[in-house]
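prediction below, plus the sequence it came from.
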Amino acid sequence: MKTKRKNKSPAAKARTKTELKTTPRKVGTNLHAQLSDLVASGGLRLVDLTQTLSPDFPPIVLPPEMGQSRPFRMETISRYDEGGPGWYWNNLSFGEHTGTHFDAPIHWISGRDLPDNALDTLPIEKFIAPACVIDCSTQASANADFVLTVGDIAAWEKRHGVIAAGSWVLMRTDWSKRTDPVAYQNFDETGQHTPGPDPECVRFLVNERNVLGFGTETIGTDAGQAAHFRPPYPCHYYMHGAGKYGLQCLCNLDLLPPTGALIIAAPLKILEGSGSPLRVLALVPARSRG
Amino acid sequence: MPEPLKRPKRKNPIVRTRQPTLPPQTRSRVALGLTAAVARGKLELQVCKDCSAVQYPPREVCRTCLSHRLVWRPSDGRGELLTDTVLHIPQELFFRERSPWRIGMVRLDSGVNVVVYVHQTVDAAPCRVRIEASLDRAGQAALIAVPENGRPDLFDDPKLREMTCDPRMRKILVTDGKSTTGQAIVRALAAAGADLIWIGQAEPWKKVAGFEALRELPKVVVVPLDVTDGRSVRELAGEIGGKVDILINTAEFHRTSGISSHRGVETAQLEMDVNYFGLLRLAQEFAPALKARAADGAMSAIAWVNLLSIFALANYPAHGTFSASKAAAYSLSQALRADLRHAGVRVINIFPGPIDDEWDQLELPPKLSPNALAGAVVQALKGSVEDVYPGDVAQDWLARHLDDEKALEREISEGGR
Amino acid sequence: MGRNGYKDVVLAVPVTVPYVRYSIRSAHWFLGRAVAALIAGAKIPKARIDGLAVASFTLSPDTAVGLTQHLGMTLRWLDHVPMGGASGIVSIRRAARAVQNGDAEIVACISGDTNHTDSFRRNTASFSQFSQDAVYPYGSGGPNTSFAFLTSYYMRCYGAEREDFGKLCVAQRNNALKNPLALFKQPLTLDQYLNARPIADPLRLFDCVMPCAGAEGFLVMQRRTAESLGLPFARLLGAIERHNAFPDDPIQYRGGWALDRDELYEQAGIGPDDIDFLETYDDYPVINVLQLEDLGFCGKGEGPEFIRANTFEAEGTFPFNTSGGQLSAGQAGAAGGSLGLVEAIRQLTGQTLGARVADARHGLVSGFGMINYDRGICCGAVALAAV
């Protein structure tokens, strides 16, 4: 069955051709050796920013009238038994936005018509990018509804320099240390209370800093109460509306330096996918401090 | 004179499609007993257990002795047509659109008067007739007088044709035309005069005996259809939904697992995904199209057939999860029937016993051959029934189920049928 | 078995609320206007009416009960009579006993209906449980189907021709032409009758009534009450009713009147030959013929011969449905069961609106109604006399 796909740009088509060209073997072997040496010598640390995908991980919760995203579930097909004597494997089911996951521009209405906006058409160069880590852990522990403002960005830039274009901006809140799912979700009768950016801050990062995307430790790049912001869910709205990305349910951001880490975040290549769980790795030059 | 259907001309595309209308649908509860029997292809009337008087119209107490012990019993329908008329100006839209109608009053030999449709091969009153029962487009019982010693084809009377879902000249989708059962049904439909049969296949890479020969039939078109894939169903519905007159859902996933056969639910999930969710996906995508064309000329959308299983009525523990998935499909088919009823599209459920195929290999005979099953499907379409129990095992289970569900449940779990 | 007669029971104040083809009003309007006409005609205050009998198909969700409050009436006697074309006759039988025994002094018998564009179909669709279950689903012909059956059967059994029925219809139309309240204003020729648009074989357009909105009414009281009020009145000589007669007849070819007519004439002290005019319930011509036969004007099956031998205009040999009957005046629902009664009172009290029967001393009025399944269930008749 032929798949129909909107918005595959000429660049994307050219890119596919480039991917298939072979590269000289010599350079590849060298690159791996360089990397291994760096890691072995302590010059480079690898940090896993990914939560384990398990049925226990809290899923996103929407109002009951809306379509529900499936929580992560595993059904064993066989485990060296009569279902398959020599092997073990599972069937998985989950919504695209489950666990540590990536949001593509097509996920939001503001990004729906942009070119190369789905998982299978994203430019792969963007999957490796620098990260700016903004430490809001103190504020977040005092106030679950803490919002990151332009002022907070300005203060951070004063110390660490201007955020470079094409960077991930990661909001460290240490929220991932809340291992109790109830505390992690932090619901009360007025909804969810988790930190996130305010609308002005998002606009600034998009318009003035041309970032690659925004990442958080919570479920959702937007604050828990963002439905009441103007516009609602400003991080999704503005980021995806500008062709930018999101990362959620990250952990170990406290092991990253404010600048200098390189993030590898390559989502699954899903036909017209809006997002997927993924492995997010950080390459941290050893000289910088976490 | 019987009026065989001539091939209708092509539809004028700029004229609005006729919207479906129905004959009167309301019946009292007690009158629904007539419908229940007709749904199974039987003509039954109430009989008083105390004085044997036959009752019609259906009622709560005996018209003779006032006993409340009235039971539904088969009737041979023999009687005399006392008087008839041709109705030119009916009051309801359905009849106005199809007027005139020949209606009559028959005095059954059992002593009751019955208002009936009169088949056009019946002579003028007075004459001997036999009453047959059909389902009308509203899914209610309709009684028809036919000549006493004839078995005229309802299809040949233009007024009564719509009570059947005859596959003649129709376009039919068989959702799995590759399984042995599916292939048999496709061949039977071709022989019964279908114009076009789309046969769905989910796994094109799989080679199955008989399929290549089937594809060569002139009326057959193979289409991709995987009922576990919502996109597949949606795309096919987009392509052909507006042309399907009859949809026959043969897609089935059958394993022989009970509760304790093995751990894990993934086999059961597959059974549900094909047998239950597959039906739901098909219903969501194809039902609107069928409803929109339910009155679209002589070859309108007319029927939806589900291949269920007698195990949908009573679980067969050796195939326990399969049975449960068929029970789920059965329940859903009732929702589908309610949805399609208002357009007059009939939902026909087939409840076979074990079929002579690989997953019923260990079941003892009598088993239903795919050809016999196919024949039953075609018969159901040509007739006027909703619930079909083909084969000896199905008939046996049905009788036991109607008699006492709990007794059947015990009998089944005592180890074998 | 002897039955008490109707000594000193009289009928007075015949009123008609003029018929209209369609109305946006509810039945309450027509019935209310009927009561208004009755008290105006009787020159009595509303409170003087202490009994009420109501017949209507379109009063729902109300019955006579709702009407009491709607019209602001306090009553000692109340009846709702759901018997269609027999309601008027049956109301008289009920009211007569009430006034004879002092349960009520003046009973208003009113019947009427509204008619909206979809009224007839809706009323027919929910007419009775048997009809809903076993007739209406077959072609939805309503009474047209039922009477087509009866007509076809009768014609086959007794050799009636369409011309016979047509003669009655033409005569009724001639009577109607003089009735200012009749809905049909054009003459009808036999040719037109025979060649009219087919409805349900053998019935054609002029075999069928025109449903409309309207009401009929009259008062039942003791003679001395009428005299004290100075009202002209007709005397009630006898009254019969019978329901579900001859249930084993395969097709209805005779009605309950056949069982009770001898008693009617005995009670009335007169015979068929004494009758100066006959008002039958005429929703289809064939039922006219059944009434002619079953009320003793000719033998069973002799209807066609009787029709051929007589003329039925008000000035004819057998004055019949002298205001035109429902077939030419219109059928205002349940009011059809009182159209003949009101006309009979007018003839007997000299208050005719149109055609007049000379020297009318005795009249017979017959009612028929409620094709519950395959036959009309309710039959009744009254014999009336001038003072």
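Structure received.

pull out the buried positions in the lowest-mean-pLDDT helix or strand in chain C.
Least confident helix or strand, chain C: helix C:119-125 with a mean of 88, by mean pLDDT, DSSP states H and E. Residues of helix C:119-125 classed as buried: C:119-120, C:123-125 (neighbour count, 16 or more other Cβ atoms under 10 Å in any protein chain shown). Backbone N, C-alpha and C define where each C-beta goes, glycine included.

could you do stretch A:89-103 as well?
Buried residues in stretch A:89-103, counted by 16+ other Cβ under 10 Å: A:94-103.

okay, the residue of the stretch 201-350 of chain B found nearest chain C: pLDDT?
As assessed by Cβ to the nearest Cβ, chain C sits closest to B:Gly344 within the stretch 201-350 of chain B, at 13.6 Å. pLDDT recorded at B:Gly344 is 94.

from what I can see it touches B:Gln140, true?
No - contact criterion Cβ atoms under 8 Å: B:Gly344 and B:Gln140 do not qualify, at 11.0 Å.

overlap in contacts of the two?
Common contact partners of B:Gly344 and B:Gln140 (Cβ atoms under 8 Å, 6 or more residues apart in numbering or on different chains): none.

count of neighbours near the residue of the stretch 1-150 of chain A found nearest chain C?
Nearest to chain C, among the residues of the stretch 1-150 of chain A, is A:Glu65, at 37.0 Å (Cβ to the nearest Cβ). Residues lying near A:Glu65 (other Cβ atoms under 10 Å in any protein chain shown) number 5.

that one and chain B, how far apart?
Look at A:Glu65 and chain B: by Cβ to the nearest Cβ, to the nearest Å, they are 19 Å apart.

sec struct for that residue, please.
coil (DSSP: H, G, I helix; E, B strand; the rest coil).

list the contacts for it?
By Cβ under 8 Å, 6+ apart, the contact set of A:Glu65 is empty.

in space, what's closest to residue 131 - neighbours in sequence excluded?
Picking chain A for this. A:Trp168 (4.3 Å; Cβ to Cβ, 6 or more residues apart in numbering or on different chains).

nope, chain B please
With sequence-adjacent residues excluded and distances taken as Cβ to Cβ, 6+ apart, B:Ile131 is closest to B:Gly77, at 3.4 Å.

quick check: the gap between that neighbour and B:Val112.
Using Cβ to Cβ, to the nearest Å, B:Gly77 is found at 11 Å from B:Val112.

for C:Gln326, same thing?
The value you get for C:Gln326 to B:Val112, if Cβ to Cβ is used, is 31 Å.

more neighbours, these two?
Neighbours were counted for C:Gln326 and for B:Val112 using other Cβ under 10 Å; C:Gln326 has more, 29 against 19.

quickly find the element holding that one.
In this assignment (DSSP states H and E), C:Gln326 forms part of helix C:325-329.

phi, psi of the residue of the stretch 151-290 of chain A found nearest chain C?
For the stretch 151-290 of chain A, the residue closest to chain C is A:Glu189, as judged by Cβ to the nearest Cβ, at 45.3 Å. Torsion angles at A:Glu189 (phi, psi; degrees, to the nearest 10) stand at phi -70, psi -10.

residues near it, how many?
4.

how close does it get to B:Pro370?
For A:Glu189, the distance to B:Pro370 - Cβ to Cβ - is 59 Å.

list the contacts for the closest residue to chain C within the stretch 151-300 of chain B?
The stretch 151-300 of chain B approaches chain C most closely through B:Lys159 (9.6 Å), counting by Cβ to the nearest Cβ. Taking Cβ under 8 Å, 6+ apart, we find B:Lys159 in contact with B:98, B:101-102, B:117, B:120.

and it, which of the three is it?
Going by three-state DSSP: B:Lys159 is coil.

now C:Ile110
The local conformation at C:Ile110, judged by three-state DSSP, is strand.

residues near it, how many?
That count, for C:Ile110 with other Cβ under 10 Å as the rule, works out to 33.

could I get the contacting residues of it?
Here C:Ile110 is in contact with C:31, C:34-35, C:38, C:52-55, C:215-217, C:338 (Cβ under 8 Å, 6+ apart).

please report how far the residue nearest the centre of chain B lies from B:Arg281.
Most central in chain B under Cα atoms, centre = their mean is B:Ile348, positioned 2.7 Å from the mean C-alpha point. As judged by Cβ to Cβ, B:Ile348 and B:Arg281 stand 19 Å apart.

ok, C:Arg204 touching C:Pro198?
Yes - counting by Cβ under 8 Å, C:Arg204 touches C:Pro198, with 5.4 Å between them.

what about the one residue in the stretch 1-150 of chain C that gets nearest to chain A, distance to C:Trp29?
Nearest residue of the stretch 1-150 of chain C to chain A: C:Pro61, at 37.0 Å (Cβ to the nearest Cβ). C:Pro61 sits 16 Å away from C:Trp29, going by Cβ to Cβ.

who has more neighbours, those two?
The neighbour comparison of C:Pro61 against C:Trp29 (other Cβ under 10 Å) goes to C:Trp29, with 17 against 5.

got the residues of chain B near chain A?
The interface of chain B toward chain A, taken as Cβ under 8 Å from any Cβ of the partner chain, is made up of B:224, B:232, B:235, B:262-266, B:269.

re the thing from before, compare C:Arg204 and C:Pro198 (neighbour count), which wins?
Neighbour tally, C:Arg204 and C:Pro198, criterion other Cβ under 10 Å: the higher count belongs to C:Arg204, 21 against 17.

pLDDT value on the residue lying closest to the more buried one once chain neighbours are set aside, please?
Nearest non-adjacent residue to C:Arg204, counting by Cβ to Cβ, 6+ apart: C:Ala196, 4.1 Å away. Here, the pLDDT recorded for C:Ala196 equals 97.

quick one: contacts for C:Ala196?
C:204-206.

next up, the contacts around the closest residue in space to C:Ala245 that isn't next to it in sequence.
Counting by Cβ to Cβ, 6+ apart, the nearest residue to C:Ala245 once its immediate chain neighbours are dropped is C:Gly256, at 3.5 Å. Residues near C:Gly256 by Cβ under 8 Å, 6+ apart: C:240-246, C:294, C:378-380.

top of those by number of neighbours, please.
Highest neighbour count within the contacts of C:Gly256: C:Cys379, with 33 neighbours (other Cβ under 10 Å).

wasn't that one part of a strand?
Yes - per three-state DSSP, C:Cys379 lies within a strand segment.
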